[in-house]
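Peer 1: show me how the following folds:
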Amino acid sequence: TRSGWAPDVSPCAQKRPVAKGAEPWASPSRSFLTFPSCAGRRRVVRFISRVWIGRASGECRFGCREHLGNIGLLASFTKGASGDDAPREAARSTYRPEVDGLRALAVLSVIANHVSRDALPGGFLGVDVFFVISGYVITGSLAGRRDHSLRALFLAFYTRRIKRLMPALILCVVVTSILICLFNPNPRVSLMTGLTALFGASNIYLLAQASNYFAASTNLNAFAHTWSLGVEEQFYLVFPLIVWLTGVRRDGPLASRGFAAVMALAAALSLITFIQLNRVAPGAAYFLAPTRFWELAAGCLLCAAMLAEGRAARLLARANPDIALLGLLGTLFLPPQFVTWSTLLAVALVVVAIASLRRGYASFAVATHPIVVWLGLISYSLYLWHWSVLCISRWTIGIHAWSVPFQLLAMLLLASLSYRYVERPLRNASWSRFRLGDIGLGLGATALAGGLVLALAHPLAGQLYLGSKYIAANLVTSDRISTSWIGARDARAAALQEQ
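Peer 2: Numbering: from 1, shown residues only. A predicted model of the protein is given here:
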């Protein structure tokens, strides 16, 4: 056997001598699956296992953070996945750190916009970036899988989604609901938004309340930001059905023509609806899933095109990612008045960025920096908790230049704890012996959390408020707030709420 061989793909991997006659590991023309030596293949499996364990924490087992930029891609194992091979290799990758870098950009732009809309007026486009990335990732996760029945597909798909989304969301909704009851004398709207968020319908509730996402009063709703989760969860209701009906999981590769045709047609209809509704009903265009479908579909189509190695994918892969990323940053400074065109531009640029980000460019170096990747890894928890911190702050101390550093620190701390102790371990844990049991446990926990929030909204309404009990008692039965008998802090908040 060629026992002297060992892989050398990491700057921290130990080099060992290669036995005479053995072919080099890093040959561009050889795959790690074609090594003739059994001992060599076993070492490959052990090495990949070590990398797999380390990638979730942002560093490899060897302790080298530089290695993070090399793991996950099949190109890391074949060394030479460039040019025409790059689209397929990237799309099939189980982990691309540069995509987490784009997630970091998205969540930071959203936070900057929520802290001060004047500082980054188009920062809300970070949510659109999230939509495209979600479509790309969820489509890539289905690559190479096969399900022999619709039931098997649904169970596998929704088990992963529940484990991915619900634990952190339940924790955030429960904790924030209790906190908002301490400082808001009439938290009914916030609590009902949180309750509907648990069941993926907060976007519909906010639209029914005639909410304007850009209005000052929205800042006082502790769960106004969960509308985007509602859009994604409603997309997940139809996406696996599309996958099954187009035969992707039964008969052919993920990049089947039927899948691409259906998604392209649905995306076109969604985009036309989005543009038209923005003129007559901007609230519906902003909150509803049908008008956001095209953004998620853009990510799906990109992944499918990269897997098919089509002409469009090859052209996108050759684009300059630095220009795409700079253009995306520029759109974040466009005012909300141009929301239709800025959204179109942001989606197009993030599609180009995902397809073209590669080594040798400054944008790739920034996107794969360990700190940026870490922010991307915790981006979901950070998105959940940042609004809780800002909303509670607006009901208490306010948001000022001196308070922003402490508020940012609180966001990072809460997000880090949520990711490390809730989101990541529960996503990887086995909840039960059967997938149906996992789904049942997730729905059960959601129902319990919803019951607690509903209790805070009705039987316990006003009981936790730390201010004047007289204020709480009157506001429980009245939706209108009089500023003649409340304090200055509550008067400021109440004035915003009435707008």
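Peer 1: for Leu441, see how far away Arg433 is.
Peer 2: 11 Å (C-beta to C-beta, to the nearest Å). Every residue, glycine included, has its C-beta placed from N, CA and C.
Peer 1: of those two, who's got more company?
Peer 2: Ranked by neighbour count (other C-beta atoms under 10 Å), Arg433 and Leu441 place Leu441 first, with 15 against 8.
Peer 1: pLDDT wise, what is Leu466 at?
Peer 2: Looking at Leu466, its pLDDT reads 84.
Peer 1: helix/strand/coil for it?
Peer 2: State at Leu466, reduced to three classes by DSSP: H, G, I helix; E, B strand; the rest coil: coil.
Peer 1: in contact with it, which residues?
Peer 2: The contact partners of Leu466, by C-beta atoms under 8 Å, 6 or more residues apart in numbering, come to 182-183.
Peer 1: same deal with Ile170?
Peer 2: Neighbours of Ile170 in contact, by C-beta under 8 Å, 6+ apart: 198, 445-446, 449.
Peer 1: can you tell me which of those are in helices?
Peer 2: When DSSP state H defines the helices, the subset of these inside them is 198, 445-446, 449.
Peer 1: now for the residues you listed: which two are most distant?
Peer 2: Leu198 and Ala445 (9.5 Å; C-beta to C-beta).
Peer 1: more neighbours, the two?
Peer 2: With neighbours defined as other C-beta under 10 Å, Leu198 and Ala445 compare such that Leu198 has more, 23 against 17.
Peer 1: please report how far the more buried one lies from Val238.
Peer 2: Leu198 sits 20 Å away from Val238, going by C-beta to C-beta.
Peer 1: and for Asp322?
Peer 2: For Asp322, the distance to Val238 equals 36 Å [C-beta to C-beta].
Peer 1: neighbour count for the two, which is higher?
Peer 2: Higher neighbour count among Asp322 and Val238: Asp322, with 16 against 12, using other C-beta under 10 Å.
Peer 1: wait, isn't the more buried one in contact with Ala365?
Peer 2: No: contact between Asp322 and Ala365 fails when scored by C-beta atoms under 8 Å: they sit 10.1 Å apart.
Peer 1: could you identify the helix or strand that succeeds the helix or strand where Asn113 lies?
Peer 2: Assigned by DSSP states H and E, Asn113 belongs to helix 97-115. With elements assigned by DSSP H and E, the helix or strand that comes after helix 97-115 is helix 126-140.
Peer 1: now do the buried residues in that following helix.
Peer 2: Of the residues in helix 126-140, 126-140 count as buried by neighbour count, 16 or more other C-beta atoms under 10 Å.
Peer 1: just the residues you listed now: which is nearest His400?
Peer 2: The closest of the buried residues of helix 126-140 to His400 turns out to be Gly126 (C-beta to C-beta; 23.3 Å).
Peer 1: how close does that closest one sit to Ser342?
Peer 2: Using C-beta to C-beta, Gly126 is found at 12 Å from Ser342.
Peer 1: what does Pro321 give?
Peer 2: Distance from Pro321 to Ser342, by C-beta to C-beta: 20 Å.
Peer 1: repeat that for Arg318.
Peer 2: Distance from Arg318 to Ser342, by C-beta to C-beta: 26 Å.
Peer 1: those two: who's more crowded?
Peer 2: Per other C-beta under 10 Å, whichever of Arg318 and Ser342 has more neighbours is Ser342, with 22 against 14.
Peer 1: can you tell me the element the residue lying closest to the more buried one once chain neighbours are set aside falls in?
Peer 2: Leaving aside its sequence neighbours, Ser342 sits nearest to Leu334 (C-beta to C-beta, 6 or more residues apart in numbering; 4.3 Å). Per DSSP H and E, Leu334 falls between elements, in no helix or strand.
Peer 1: over to Leu456?
Peer 2: helix 435-457.
Peer 1: and if you look at Leu265?
Peer 2: Element membership for Leu265 (DSSP H and E) is helix 257-280.
Peer 1: ditto for Val389
Peer 2: Assigned by DSSP H and E, Val389 belongs to helix 379-395.
Peer 1: just the angle between that helix and helix 97-115, please?
Peer 2: Computed by axes from the mean of the first three to the mean of the last three C-alpha atoms, to 10 degrees, the angle separating helix 379-395 from helix 97-115 equals 10 degrees.
Peer 1: now do helix 379-395 and helix 126-140, the angle between them.
Peer 2: Helix 379-395 and helix 126-140 meet at an angle of 160 degrees, taking the same axes, to 10 degrees as the criterion.
Peer 1: helix 379-395 packs against which elements?
Peer 2: On a contact count with 3 or more C-beta pairs under 8 Å, 6 or more residues apart in numbering; DSSP states H and E, helix 379-395 meets helix 97-115, helix 150-183, helix 404-418, helix 488-498.
Peer 1: got the buried residues for the longest one?
Peer 2: The reference is to helix 150-183. Neighbour-count burial for helix 150-183 flags 153-159, 161-163, 165-174, 176-177, 179-181, 183 (criterion: 16+ other C-beta under 10 Å).
Peer 1: try stretch 362-382
Peer 2: For stretch 362-382, using 16+ other C-beta under 10 Å, the buried residues are 363-364, 366-369, 372-382.
Peer 1: equivalent analysis for stretch 453-472, please.
Peer 2: Neighbour-count burial for stretch 453-472 flags 453-454, 456-457, 461-462, 464-465, 467, 471-472 (criterion: 16+ other C-beta under 10 Å).
Peer 1: from the buried residues of helix 126-140, which single one is nearest Ile275?
Peer 2: Using C-beta to C-beta, Asp128 comes nearest to Ile275 of these, at 14.2 Å.
Peer 1: distance of the closest one from Pro185?
Peer 2: For Asp128 relative to Pro185 (C-beta to C-beta), the value is 35 Å.
Peer 1: before we move on, what about Arg103?
Peer 2: 37 Å.
Peer 1: tell me the angle the helix holding Asn113 makes with helix 404-418.
Peer 2: Going by the same axes, to 10 degrees, helix 97-115 makes 140 degrees with helix 404-418.
Peer 1: residues near Ala319, how many?
Peer 2: Residues lying near Ala319 (other C-beta under 10 Å) number 15.
Peer 1: kindly report the same for Leu412.
Peer 2: 18.
Peer 1: and what of Gly327?
Peer 2: Gly327 has 16 nearby residues by other C-beta under 10 Å.
Peer 1: pLDDT value on it, please?
Peer 2: 96.
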